[in-house]
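Participant: Whatever this is, show me its structure:
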Amino acid sequence: QFQLVESGGGLVQSGGSLRLSCRASVDTLDYYAIGWFRQVPGKEREGVSCIGSTEGSTYYADSVKGRFTISRDKAKNTVYLQMNSLGPEDTAVYYCATAWGYYYCLPDEFANWGQGTRVTVSS
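Facilitator: Model (predicted):
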């Protein structure tokens, strides 16, 4: 396994934006599906958005559709999660993870995880 490092979290006011980054200690992330997940205390980790490897298919949870965008920057070997129109309900620790592929963007489909970055949205 290789390391994944998330960054970009922080405190933002409701309606604001953040861009999360997921970088890896591997030559390329191109062969992996990447998922962004989030978790709040007392709740299960949930899939926010996933992107496939070669075909680049994307998934978004209903709660973030139209507000979040997942993308790859192959030159930087980085996957981003652009989050707009943030609300207090988006407050969580966000994790990125890798898999050879995914069907449902569920945590069980992903084997390699970063340590997470905290996002706090104030009302």
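Participant: Please count neighbours and contacts with C-alpha atoms only from this point.
Facilitator: Noted.
Participant: what secondary structure does the residue nearest the centre of the chain sit in?
Facilitator: Most central in the chain under Cα atoms, centre = their mean is Trp36, positioned 2.3 Å from the mean C-alpha point. Reducing the assignment at Trp36 to three states with DSSP: H, G, I helix; E, B strand; the rest coil gives strand.
Participant: Would you mind measuring from it to Arg72?
Facilitator: 12 Å (Cα to Cα, to the nearest Å).
Participant: What of Lys65?
Facilitator: The value you get for Lys65 to Arg72, if Cα to Cα is used, is 18 Å.
Participant: So between these two, which is more surrounded?
Facilitator: Taking other Cα atoms under 10 Å, Lys65 and Arg72 do not tie; Arg72 has more neighbours (19 against 12).
Participant: on that earlier part again, tell me what the residue nearest to the centre of the chain is bridged to.
Facilitator: Taking DSSP bridges, one finds Ser49, Cys96 as the beta-bridge partners of Trp36.
Participant: Correct me if wrong: it contacts Ser49.
Facilitator: Yes. With contacts counted by Cα atoms under 8 Å, Trp36 reaches Ser49, the gap being 5.2 Å.
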